[in-house]
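Undergrad: Any chance you can model this:
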Amino acid sequence: MATTLDELWFTRCPVPTATGIAFRLGWLTDEFAADGITLRTLQESGSELGQHHYDHRLPTLIREGGNMLSIAARAQGEPTRLVGLTWIEESQLILTRPHTGIQSAADLKGRRLALPGWSHNDIPSHVRGTSIARGMSLAGYKGALASAGLTLDDVDLIEVPDRLRNIGGSGRDLAPRRTGLNRLWPIEALVSGHVDAIYVKGASALDGAREVGLTVAVDLDALPDRRFRVNNGTPRPITVHQLLLDEHFDVLVRFLAVTLRAADWVKAEPGKLREILEFETEGSPEAVDQAYRHLHEGLHPTLDAERLTLFEQQKKFLFTHGFLDADFALADWVDPRPLEAARALAAQPAISEAA
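TA: This is a model prediction of the structure:
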């Protein structure tokens, strides 16, 4: 017998997601209000629940966020399923100081690149998966170097302290105004001359780079081959608990259908979208416009062959560099049924009229 569902949880990272946009528009709350289902986000919760942003041990949780945590949780045997992948360009950059002579990926050869340390997570089994600054920096360097025919062996990685403490963003939605995510990136190490270049991503990082006069050495978003910018957010997974899939499939489908409508909406009201992204990403209006100018091109989730291939590349990278407890078969994780049903539901006239 299916369990009664009176609360539906979701969680997202401080990045652009259709889930976050639909929530800020009030559409997700409205969708389930008549059913007596309260929509809740882990970002309005305390730290005890916030840890499920990583381990996904909350059966009624839908997660749209970086792949490092979701892949690591699956590698630890959590009963989750992958139901969609987005691909959003969001200003992946290699930054340097003016006058270092680094103006391209080839110029990184022989240079000192900052490598954030492993996270200081209070839960030992969460350390590797939550070391996102380390994982993202390594993947960013690997992609940039590969674009110039180089490898990680051609640079000196200089370990710097990891500074991230609240991986789940507990309480984030309760703050009236956010303060930026620059704490994630080793900007101080670059400014001080301890290293020659760092990896950063997102609108908030653009703000931080401008404030201290850093320059762009490599714009990964501009590289023609997507393989060079596979990272924590590219592709970005939507995952669900197996129990939700088994017992409340229709609710999951309705949730995804609403997010599909939100993905359709992003070009309709640019001003309102900018306000939402400022809140979601902690970036300034100028940085949001720059970082997410191609948002509409990849916000709709798919499980197409290209995205799955790029996702497999990321999983292999994480396993190779020690971010996973074990490898697993990606094909066994994927379930295309909810997204297929959501597309069919979103295409029905009643859904279109409600939009």
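Undergrad: going forward, measure contacts and count neighbours with C-alpha atoms only.
TA: Fine.
Undergrad: Next, count neighbours for residue 189.
TA: 18 (other C-alpha atoms under 10 Å).
Undergrad: Give me the three-state assignment for it.
TA: Residue 189 falls in the helix class when you classify it by DSSP: H, G, I helix; E, B strand; the rest coil.
Undergrad: And residue 62, by the same measure?
TA: With three-state DSSP as the basis, residue 62 sits in strand.
Undergrad: swap in residue 318?
TA: helix.
Undergrad: Excluding covalently adjacent residues, which one is nearest to it?
TA: The shortest distance from residue 318 to any non-neighbouring residue, by C-alpha to C-alpha, 6 or more residues apart in numbering, is to residue 324 (6.2 Å).
Undergrad: Kindly give the local confidence score, pLDDT, for that neighbour.
TA: The score at residue 324 is 96. That number is its pLDDT.
Undergrad: so it makes contact with residue 317?
TA: No - contact criterion C-alpha atoms under 8 Å: residue 324 and residue 317 do not qualify, at 9.6 Å.
Undergrad: So what's the residue count around the residue nearest to residue 318?
TA: 23.
Undergrad: Contact partners for it?
TA: Neighbouring residues of residue 324 by C-alpha atoms under 8 Å, 6 or more residues apart in numbering: 71-72, 75-76, 128-129, 318.
Undergrad: quick one: which two of these are the most distant?
TA: Spatial extent of the contacts of residue 324 (C-alpha to C-alpha) is set by the pair 76 and 318 at 13.3 Å.
Undergrad: coming back round to it: please settle this for me: is the residue nearest to residue 318 part of a helix?
TA: No - per three-state DSSP, residue 324 lies outside any helix segment and is coil.
Undergrad: I'd like to know how far it sits from residue 76.
TA: 8 Å (C-alpha to C-alpha, to the nearest Å).
Undergrad: May I have the phi/psi pair for residue 82?
TA: phi -90, psi 120 (degrees, to the nearest 10).
Undergrad: before we move on, what about residue 158?
TA: Torsion angles, degrees, to the nearest 10, at residue 158: phi -110, psi 110.
Undergrad: Report the secondary structure state of the closest residue to it other than its chain neighbours.
TA: Nearest non-adjacent residue to residue 158, counting by C-alpha to C-alpha, 6+ apart: residue 114, 4.9 Å away. Using three-state DSSP, the structure places residue 114 in strand.
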